[in-house]
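# sequence unknown, structure follows:
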Ligand SMILES: CCCCCC/C=C\CC(=O)SCCNC(=O)CCNC(=O)[C@H](O)C(C)(C)COP(=O)(O)OP(=O)(O)OC[C@H]1O[C@@H](n2cnc3c(N)ncnc32)[C@H](O)[C@@H]1OP(=O)(O)O
C-alpha cells in the first residue's frame, strides 16, 4: 500500500479499509477516496513540493469533480497531504513570459474549475493543512466551509504582484467576507494570518493540526445528514447563481482583459521581481 494511501486512510480516521474505496487510482496529483458509509469523498492534493496549480493538478481536480457529480457523493473534503501548505496557488511559471494562447488556455481551465467547484451539487469543505495563498485561497472560497491549521496564511496578493484580479475572483471574495473587507484586502494584496482570517470570515474555524482540521470538516458535513438533500442543493444553487451567471456572461471578456494585462511589460517586470523574491527569501 502506498504512503499516500496510508495518508488517506489516516485522514479518514476511524474508517476501516473495508469502508473506503479508492475512487480513482490513475491520478498523479490527487488521492481520491470515498467513505462507503456516509458517501464523503476525501480529495487530497499531492503535487510536490507545495501543490502548485499546474495544468495537471487543475485538470485532475476538474475530472474528479465531474466524476463525483456522477457518483452518489454526499460531500467532499478538499485537503492536502502536506502539513505546511494547502495549495500555493497558480503556477507562476505559467504567468512569466507567457505565450498568449497557452496562458489563455491555462486561465480558462482554472476559471472552469472554479465554477465547477463553486457550483458543485454536493457540500464541500476545505481542510486547509497550511498556507493557502492566491489560487489556494480561491479554491477554499469555492467551498462552503473552510477550516485552517493554526499559524497558516491566506489571501490573494494580486495587487502586490501587479495583477488586477478578474471580476469573478473579486466577487467570490466579496461574497465571502463582504464588500468592505474585500476592498481593503484585495486592493492591498493582503495576506492574513489565521486569527485575522477568522475575524473577517475568510475561514470558519482554526484547527490545531491536520487530524483536527479533517475532524472539523467531517463535523461540518455531518450536520447535513439531518437536512433534506434536495432543499440543501436548491438553496445552494440559488445563493451561488449570480456569480456563476456572471462568469457565463462576462468570463470570456474578463479573460481576454486579464491576459492582455498579464502580457504588459511592466506587469511582467513586477512578476519577475515577485518570483525572484520568492526564490531568494529566507525560509522559516
Ligand atoms: C483568470 C484566473 C486568474 C486568477 C487570478 C488570481 C488568483 C491567483 C493568482 C495566483 O495564484 S499567482 C500564484 C501566487 N502564489 C503565491 O504567491 C505563493 C508563492 N509561494 C509561497 O508563498 C510559498 O512557496 C509557500 C506556499 C508559503 C510555501 O513556502 P515554503 O517555504 O514551504 O516553500 P517554498 O520553498 O517557498 O516553495 C517550494 C518551491 O516551490 C516554488 N513555488 C512556490 N509557489 C509557487 C507558485 N505559485 N508557482 C511556481 N512555483 C512556486 C518555490 O519557488 C520553491 O521553488 P525552489 O526555490 O525550490 O526552486
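Received, thanks. Small disclaimer: the values here were computed from a predicted structure and weren't measured.

# C-alpha from now on. contacts and neighbour counts both.
Fine.

# How is residue 147 assigned, secondary-structure-wise?
Assigned state for residue 147: strand (three-state reduction, DSSP: H, G, I helix; E, B strand; the rest coil).

# quick one: contacts for it?
Contact analysis of residue 147 by Cα atoms under 8 Å, 6 or more residues apart in numbering lists 125, 126, 127, 128, 203, 204, 205, 206, 207, 213, 216, 217.

# could you redo the last one with a cut-off of 6 Å?
127, 128, 204, 205, 206, 213 (Cα atoms under 6 Å, 6 or more residues apart in numbering).

# Just the buried ones from those, in PyMOL syntax?
Here is the PyMOL command that picks out the buried ones among the contacts of residue 147, judged by 16 or more other Cα atoms under 10 Å:
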select buried, resi 127+128+205+206+213
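
# Measure how buried residue 266 is and give me the count.
12 (other Cα atoms under 10 Å).

# about what we covered before: among the contacts of residue 147, which are in reach of the ligand?
By Cα under 6 Å from any ligand atom, no member of the contacts of residue 147 lies near the ligand.

# closest to residue 76 among the contacts of residue 147?
Checking those against residue 76 with Cα to Cα, the nearest one is residue 127 at 10.1 Å.

# Does that closest one have any beta-bridge partners, and if so which?
residue 147 (DSSP bridges).

# Can you name the next helix or strand after the helix or strand residue 187 falls within?
Counting by DSSP states H and E, the element that carries residue 187 is helix 179-188. As assigned by DSSP H and E, the chain's next helix or strand after helix 179-188 is strand 191-193.

# who touches residue 114 in this structure?
Contacts of residue 114 by Cα under 6 Å, 6+ apart: none found.

# ok, it to residue 84 distance?
Residue 114 is 23 Å from residue 84, where distance means Cα to Cα, to the nearest Å.

# Report how many residues lie close to residue 269.
The burial count for residue 269: 15, using other Cα under 10 Å.

# Pull out the buried positions in the helix or strand hosting it.
Residue 269 belongs to helix 265-280 when assigned by DSSP H and E. Residues 267, 268, 270, 271, 272, 274, 275 are the ones in helix 265-280 that count as buried (16+ other Cα under 10 Å).

# for stretch 50-63, same thing?
Buried, per 16+ other Cα under 10 Å, within stretch 50-63: 50, 51, 52, 53, 54, 55, 57, 58, 59, 60, 61, 62.

# From these, list the ones also adjacent to the ligand.
Restricting the buried residues of stretch 50-63 to those near the ligand - Cα under 6 Å from any ligand atom - leaves 50, 52.

# near the ligand, which residues of the stretch 51-200 of the chain show up?
So the stretch 51-200 of the chain meets the ligand at 52, 85, 88-93, 107, 111, 131, 133-135, 165-166 (Cα under 6 Å from any ligand atom).

# of all those, which two lie farthest apart?
So, those by Cα to Cα: farthest apart are 85 and 166, at 24.4 Å.

# more neighbours, the two?
Comparing residue 85 with residue 166 by other Cα under 10 Å, the one with more neighbours is residue 85, at 23 against 17.

# Just the pLDDT for the closest residue in space to the more buried one that isn't next to it in sequence.
Once flanking residues are discounted, residue 85 sits nearest to residue 130: 4.0 Å by Cα to Cα, 6 or more residues apart in numbering. At residue 130, the model reports a pLDDT of 98.

# mind listing what the closest residue to residue 145 other than its chain neighbours touches?
Once flanking residues are discounted, residue 145 sits nearest to residue 125: 4.8 Å by Cα to Cα, 6+ apart. Listed by Cα under 6 Å, 6+ apart, the contact set of residue 125 reads 77, 143, 144, 145, 146, 217.

# Of these, which is the most crowded?
Result: residue 146 is most packed of these (other Cα under 10 Å), 28 neighbours.

# OK, contacts around residue 69?
By Cα under 6 Å, 6+ apart, residue 69 has no neighbours at all.

# if you set the cut-off to 10 Å instead, what comes out?
63, 116, 120, 121, 122 (Cα atoms under 10 Å, 6 or more residues apart in numbering).

# Can you select the buried ones among the residues you listed for me in ChimeraX?
Per 16+ other Cα under 10 Å, the buried members of the contacts of residue 69 correspond to this ChimeraX selection:
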select :116,120,121,122
